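Novice: sequence first, then the predicted structure, then my questions.
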Amino acid sequence: MGAEWRVVSSQTLLKDRWIDLRADRCVTASGTVIEPYYVFGYPDWVHVVALTDADELVLVRQYRHGVKSMVLELPGGAADASDPDMVATARRELLEETGFVAAEMLHVTSLFPNPAIQSNRLHVMLATGLRREAAPSLDPGEDGLTIETMPVDAVLAGLSQGLIGQAMHVAGLLLGLGKAGRLNLGV
């Protein structure tokens, strides 16, 4: 017996440039009807593990309305339709948010942020050979964003205390540092 659900009907509830919320009527492989089953369609996005030659991470602190707090994060953001690929998205987002450009941008991995209810992917990139090229060029929703550089060891030491509180950023950071040879993740 297959595990895939069959979608009997689907209704778009909200659609704009950021989100596509739909309510599906699903039938499981065993015949159970589940409705409504809400699915959020978001654009793919990137998180950039930006590592300086001085072994520091370039991070951003920005207001996140969901938790009504300033949160320390990796630079990143959503793919634009004009981005040819996710590496280009990562380069654009790093420059826009921090003013840094990377000599090398490597794809680390692609993950599902929340496969139960979201259809998009998160692409983790490792940026090295950084140089400051411009002032940040922030979107209106990034008002108040600040750039912080911190030694890798200090960031790692602070993870268990919630220094970076968003789980996807922590996962991306660890995987990116593994790709950079800064952590042995057994891969």
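Specialist: On my side now, so go ahead.
Novice: does residue 117 touch residue 38 like I think?
Specialist: Yes: under the criterion of C-beta atoms under 8 Å, residue 117 makes contact with residue 38 at 6.2 Å. (C-beta placed from N, C-alpha, C; glycine too.)
Novice: who's in contact with residue 60?
Specialist: Counting by C-beta atoms under 8 Å, 6 or more residues apart in numbering, residue 60 touches 72-75, 97-98, 145-148.
Novice: if any of the residues you listed are buried, put those into a ChimeraX selection.
Specialist: Typed into ChimeraX, the line below selects the buried ones among the contacts of residue 60, using 16 or more other C-beta atoms under 10 Å:
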select :72,73,74,75,97,98,145,147
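Novice: per-residue pLDDT, the residue sitting furthest away from the middle of the chain?
Specialist: The C-alpha centroid of the chain is most remote from residue 31, which lies 35.2 Å away (C-alpha atoms, centre = their mean). pLDDT for residue 31: 94.
Novice: now do residue 1
Specialist: At residue 1, pLDDT is 50.
Novice: for the protein, what spans make up the helices?
Specialist: 86-98, 152-158, 167-179 (DSSP state H).
Novice: check which helices and strands the first one sits against.
Specialist: Counting by 3 or more C-beta pairs under 8 Å, 6 or more residues apart in numbering; DSSP states H and E, the packing neighbours recorded for helix 86-98 are strand 45-51, strand 56-64, strand 76-78, strand 100-111, strand 122-132.
Novice: and if we set it to 7 Å?
Specialist: strand 45-51, strand 56-64, strand 100-111, strand 122-132 (3 or more C-beta pairs under 7 Å, 6 or more residues apart in numbering; DSSP states H and E).
Novice: make TSV out of those and add mean pLDDT.
Specialist: Supplementary listing: those in TSV, determined by pLDDT from 0 to 100:
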stretch	mean pLDDT
strand 45-51	97
strand 56-64	96
strand 100-111	98
strand 122-132	97
